[in-house]
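**Q** my questions concern the predicted model and sequence given below.
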There are 2 protein chains.
Amino acid sequence: MIQCPRGTRDFLPDEMEKRRFYENVLRNVAKTFGFREISTPIFEESELFILRSGPNVLSELYAFKDKGDRSIALRPEMTAPAIRMFVNEMSNEPKPIKIFYFGQCFRYERPQSGRYREFFQFGAELIGNANAETDAEIIAMAASMIRALGLKEYKIRIGHIGVLRQRLTDIGVPKDRMAEILQKLDKKLYEEAEPLLRSMNVAKEDIVSIFKLTETVGGKEVLDSIPGDAGDYLRSITDILAAMGVNDIEIDLGVVRGLDYYTGIVFEAEAPSLGAEKQICGGGSYSLSELFGGEKVFSTGFAIGFDRILLAMEKEGQVFKNEGIKAYVVPASEDMKLGASKVVAMLRENGIISDIDIMGRKMGKAMKYASVARAEYVVIVGMQESEQDAVTVRDMVSGEQTLVKIDNLVKFIMN
Amino acid sequence: MIQCPRGTRDFLPDEMEKRRFYENVLRNVAKTFGFREISTPIFEESELFILRSGPNVLSELYAFKDKGDRSIALRPEMTAPAIRMFVNEMSNEPKPIKIFYFGQCFRYERPQSGRYREFFQFGAELIGNANAETDAEIIAMAASMIRALGLKEYKIRIGHIGVLRQRLTDIGVPKDRMAEILQKLDKKLYEEAEPLLRSMNVAKEDIVSIFKLTETVGGKEVLDSIPGDAGDYLRSITDILAAMGVNDIEIDLGVVRGLDYYTGIVFEAEAPSLGAEKQICGGGSYSLSELFGGEKVFSTGFAIGFDRILLAMEKEGQVFKNEGIKAYVVPASEDMKLGASKVVAMLRENGIISDIDIMGRKMGKAMKYASVARAEYVVIVGMQESEQDAVTVRDMVSGEQTLVKIDNLVKFIMN
């Protein structure tokens, strides 16, 4: 038997109904925030992702040559494609541009709990400005989405990569070694960061102070201890967020995020129920368009790991109720088949989720099947009833049977 | 500038909104028919598609080796993945199994009007039986979908590959050369078919009769001239379809369809507005599960070319109206910013599509932007109004301005 490729999944009907439901919860929140959906191809020129993340990214991409010898890669994320599209096709539109997207991304890595080779991301980009209003709008939307999904336990942590970069520059870290240090700080690997910083001749007290900076964590009270304008800037963001009703956030200068293109704030949301792989959302303000041949435009964006947030909801015990069919239509005898077809067509025309027996089941077996298929009503199309232009409707919960005129059937079933 | 790869497309917000709308039209019809959505990976082991279509299919696949040296391919269609999934995970569920899917497929071919390398298919499979009820259910759903989309001019043609296969066997065409002949008949290439049939020692009158058979086209009146049980079988289908209100179909034994795995009826829908590439839908009854290591189970299914049917609707002049935002909230001055944030958050909480200025625009420019963004209302949050717990609401169509209490704002905007 052929299986689906390692790290990918099939979604069966119950699971898929649930996923579409929550996908639409996210979509609707994005819409109420004035964001609009876009879509980009599943694959792009590999170069696009190299420009964003450096050549090392190739090792974890599904990259290949197409028959025209072009280097293409399945997208590992959708910010780069979205900004490429903005540069190519939307750069002359009035700012800001508020876009969101949902779809599959691909990474060749060892599959583990909540990590797949084909995974689903929901993301958004607010393109056009670098200010507290922009950042607050994005963080407020991320928070609204997490709440709308019904996740109970989560934490949103906001940091500022600009502060860290400035401080590292001030104490003598050369630009080309910045990423290396930031990566260690991101993972709190102070013991590995220390010898590196020493090898760059950074003074001991400066090393201590940078480590302390990344441990600045807390509510508004910590804002005063943040050097430069960044404290005031973060205060503006938290003020706007508070006005928008978003209070469940934490300042945490230890939020670093790996990528070079982040310029100002960075934020992450995590669900403690997930254990080690607890990050469900990440984003920040950045500038990427100039790498793709466009003008430099500031943006703020984020992505939600859809698989992982669903997993977190599940771990919290959230249960999704599948819909089932409304009416199952059964002809009482062979010569009532066309009559049954007529009835089912009428129900469907009226938007009622309806099915009809196609297996030639006898009444008893048809009833059993209807119950497995979670049918709310069984509609029996029989000869006698037919002569009165009626059908027998069985309520599958109460077991009650009612003779219903065909003209009244839609109303009866819709209540 | 990096472009999206040849034969692929970006979908900008207006286009995407339209596509999601029509995608949901199809999804809702499928649901009312009792079909349920599934999803399979974007790529599969190449072997899956070779088993379905033969090794020649490789030439038009995006096929490559992954880092684990597995031969994988981007899916060129979704029937094989759906049946693979059925074999692996659903074969013990009560029959019939009614599933549908929507997503990207990929074919490496020369891009042309309505033909892309990344294209979108909507499809459905009814797994579990081979009878007229099954076939009618599938054809009725395809017809309902085309109608629900609002396409005016289309034609659904139903053929029967079983009849042709039987007839070709009877006149002496060997099994292993059947596909070759069927392909010529599919394209009405009689001049190429004739020497082939002669080389197989088929008698001249048999050649004439087979050509005539493929030209059996018309309404129910042609059913009598179809040899064997197939005429009666097709009559059962058309009777059920008529009971379901589907009368706009044509019998056409010239509908052949290329693939080996079709067993009984085959059908196609076309939109004349599209010219040469006019096929918008194709399907038939088949048996595929045994090729993938499962038991032999009969199914009937179809797929709609989503890009192409949208193109046909466009050619008929069908216009989609984009939604626009409901309310654009503007602070009248710097110190009303937080007040404006509060108002926009309240509107969004109530599901109203709302935006807020983040560019620091002055009132005049903000009004202009609101009009470009198709806002229905502009909500002005000013100092004076604020003292009365109110805002000024400007109706962007009539130009009328109303003072509205904040407590009544949601109601006012929702009408």
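**A** Perfect, thanks for sending it. Residues are numbered from 1 along each chain as shown, chains lettered A, B, ... in the order given.

**Q** count of residues packed around residue A:180?
**A** Residues lying near residue A:180 (other C-beta atoms under 10 Å in any protein chain shown) number 13. To be clear about C-beta, it is placed using only N, CA and C from the backbone, and glycine gets the same treatment.

**Q** can you classify it by secondary structure?
**A** Following DSSP: H, G, I helix; E, B strand; the rest coil, the label given to residue A:180 is helix.

**Q** which residues does the residue nearest to the spatial centre of chain A contact?
**A** In chain A, the centroid-proximal residue (C-alpha atoms, centre = their mean) is residue A:122; its distance is 3.0 Å. By C-beta atoms under 8 Å, 6 or more residues apart in numbering or on different chains, residue A:122 lies in contact with A:23, A:26, A:100-102, A:145, A:303-304, A:306.

**Q** so which of these are in strands?
**A** Counted as lying in strands by DSSP state E, out of those, are A:100-102, A:303-304.

**Q** of these - the most surrounded one?
**A** Across those, neighbour numbers were computed from other C-beta under 10 Å; residue A:100 holds the maximum, 27 neighbours.

**Q** could you look up the SS state of residue A:238?
**A** Here residue A:238 is recorded as helix under three-state DSSP.

**Q** residues in contact with it?
**A** Residue A:238 neighbours (C-beta under 8 Å, 6+ apart): A:158, A:220, A:223, A:249, A:251.

**Q** also residue A:236?
**A** A:132, A:136.

**Q** same thing but 7 Å
**A** Applying C-beta atoms under 7 Å, 6 or more residues apart in numbering or on different chains to residue A:236 gives the contacts residue A:132.

**Q** then residue A:181?
**A** Counting by C-beta under 7 Å, 6+ apart, residue A:181 has contacts A:168, A:173, A:193, A:196-197.

**Q** what's near enough to touch residue A:332?
**A** Contacts of residue A:332 by C-beta under 7 Å, 6+ apart are A:363, A:380-383.

**Q** any idea how far chain B is from the residue nearest to the centre of chain A?
**A** Distance, residue A:122 to chain B, using C-beta to the nearest C-beta, to the nearest Å: 14 Å.

**Q** repeat for residue A:201
**A** Applying C-beta to the nearest C-beta, the value for residue A:201 to chain B is 40 Å.

**Q** can you check residue A:233 too?
**A** From residue A:233 to chain B the distance is 15 Å (C-beta to the nearest C-beta).

**Q** what do you get for residue A:156?
**A** The gap separating residue A:156 from chain B is 16 Å, by C-beta to the nearest C-beta.

**Q** beyond the top helix by length along chain A, next helix or strand please.
**A** Counting by DSSP state H, the longest helix found in chain A is helix A:13-32. The helix or strand immediately downstream of helix A:13-32 is strand A:36-37, counting by DSSP states H and E.

**Q** pLDDT (mean, whole number) over that following strand?
**A** Mean per-residue pLDDT for strand A:36-37: 98.

**Q** again with stretch A:194-203
**A** Mean per-residue pLDDT for stretch A:194-203: 93.

**Q** repeat that for stretch A:114-128.
**A** If you average the pLDDT over stretch A:114-128, you get 95.

**Q** so for that stretch, what gets flagged as buried?
**A** A:114, A:116-128 (16 or more other C-beta atoms under 10 Å in any protein chain shown).

**Q** what comes up buried for stretch A:11-22?
**A** Neighbour counts over stretch A:11-22 (16+ other C-beta under 10 Å) mark A:11-13, A:15-19, A:22 as buried.

**Q** residue A:63 and residue A:70 touch, don't they?
**A** No: between residue A:63 and residue A:70 there is no contact under C-beta atoms under 7 Å: 10.9 Å.

**Q** is the longest helix of chain A anywhere near chain B?
**A** Yes: applying C-beta under 7 Å from any C-beta of the partner chain, one finds that helix A:13-32 is in contact with chain B at A:13, A:16-17, A:20, A:31-32.
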